[in-house]
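J.: my questions are about this predicted structure, shown below with the sequence.
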Amino acid sequence: MSNPPLSANSTILGIESSCDDTSAAVLINGKIASNITASQDVHRKYGGVVPELASRAHQSHIIPVIESALTTAKITLSEVDAIAVTQGPGLMGSLVVGLNTAKGLALATNKPVIGVNHLHAHIAALYIENDIQFPMLGLLVSGGHTQLIWVTEPGSYHIIGQTIDDAVGEAFDKGAKIMGMGYPGGPEISKWAESGDPNFHKFPDSQTEDLSFSFSGIKTSLLYFLKKAQQSDSNFLVKNKTHICASYQDALIQMLLKRVKKALKIYPAASIGLVGGVSANLPLRMAFKQLAESHKIHSYIPSFEFCTDNAAMIAQAGLHLAIKGEFLKLDALPYTRA
């Protein structure tokens, strides 16, 4: 028997395990009552996420994280109306842990399960703290995705542009690796860039058609720029690290904003929204707000805790699906691609 749609003031337990963060959150009467995340530092020494290690860590973290989220929200599992969980995209092993846990809890409590698209959930992160002016042009920037999304209402998402190769977060990570920095690369580059000159070197912007992005070329440009400079000065990177980071970061930001500006000429947006892990980058946040001001439209960016992967956005996205009565069958499988 199918479950009836839920009301807007329902209580939703959200579970997120798409990559290397295990997170659980509780949404009550449209407000986030808790948002607990366990991160996996084990990946730092490998310079990237190791899928097998990620899934093992999720198995250890997921029940304590859920219990902590329920305790913080001061409710029991029996008081939850539905369980929202990331169904995809993401790492298969990681997704399986979250989805199977949600199914198990649903069977034990006779609660419906809501399968959430991780990318849609990033957009839903904007609804947690904002009353959005639609239509909205969303820019999703993360380690795995870079997309322009046309949003006409909650749950109505249309991809109008995306990367044809690497994501911008990957460009940050690989750029940092080229310069011998740690993982994740975005925060490392941003930290060094604070005291650097963004005009020190101009990295090229890959020319793409329509509203597509491309970030593979700028990484290659960084690699060959450093190789050539270090032929005449072996300490070139050490001497100019702040300036190189500032220039590289600024180039990536300008590549993103260029496409947003181009999209705004085609799509009459009332607002723009910036989401995803890379949206925590302070210079990008500032530039994004300035862009909105120059176009006299609203801009929305989540608080830092809702930028990276988190279960609050899963619960928020799940609520919109539950109101429509869109629940998951218990034989549903996770998916790794959008």
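T.: Structure received.
J.: so which residues make contact with the host helix or strand of K177?
T.: Assigned by DSSP states H and E, K177 belongs to helix 168-178. Here helix 168-178 makes contact (CB atoms under 8 Å, 6 or more residues apart in numbering) with 47-48, 141-144, 146, 166, 182-186, 188-189, 213, 215, 218-219, 222-223, 226, 248-249, 252, 255-256, 276-278. The C-beta positions use only the backbone N, C-alpha and C, and glycine is treated the same way.
J.: before we move on, what about stretch 228-236?
T.: 226, 237, 239.
J.: just the contacts of helix 168-178: which are in helices?
T.: Taking DSSP state H, the ones among the contacts of helix 168-178 that sit in helices are 185-186, 188-189, 218-219, 222-223, 226, 248-249, 252, 255-256.
J.: looking at those residues, which one is closest to I159?
T.: L256 (15.5 Å; CB to CB).
J.: per-residue confidence averaged over the helix holding K177?
T.: Regarding helix 168-178, the rounded mean pLDDT is 96.
J.: picking that back up, buried only: go through the contacts of stretch 228-236 for me.
T.: Neighbour-count burial (16 or more other CB atoms under 10 Å) is assigned, among the contacts of stretch 228-236, to L226.
J.: what is the nearest of the contacts of stretch 228-236 to A317?
T.: Nearest to A317, judged by CB to CB, of these is L226 at 41.1 Å.
J.: does the closest one touch M179 like I think?
T.: Yes. Here L226 reaches M179: they are 7.4 Å apart, a contact under CB atoms under 8 Å.
J.: joint contacts of these two?
T.: 237, 244.
J.: Y300 and R259, how far apart?
T.: 18 Å (CB to CB, to the nearest Å).
J.: likewise for V50?
T.: 32 Å.
J.: buried ones in the helix holding K177?
T.: Buried residues in helix 168-178, counted by 16+ other CB under 10 Å: 168-178.
J.: quick one, what contacts the residue nearest to T208 when sequence neighbours are not counted?
T.: Spatial nearest neighbour of T208, chain neighbours left out: S214 (5.0 Å); criterion: CB to CB, 6 or more residues apart in numbering. For S214, the contact set (CB under 8 Å, 6+ apart) comprises 163-166, 206, 208.
J.: thanks again, I'm all set now.
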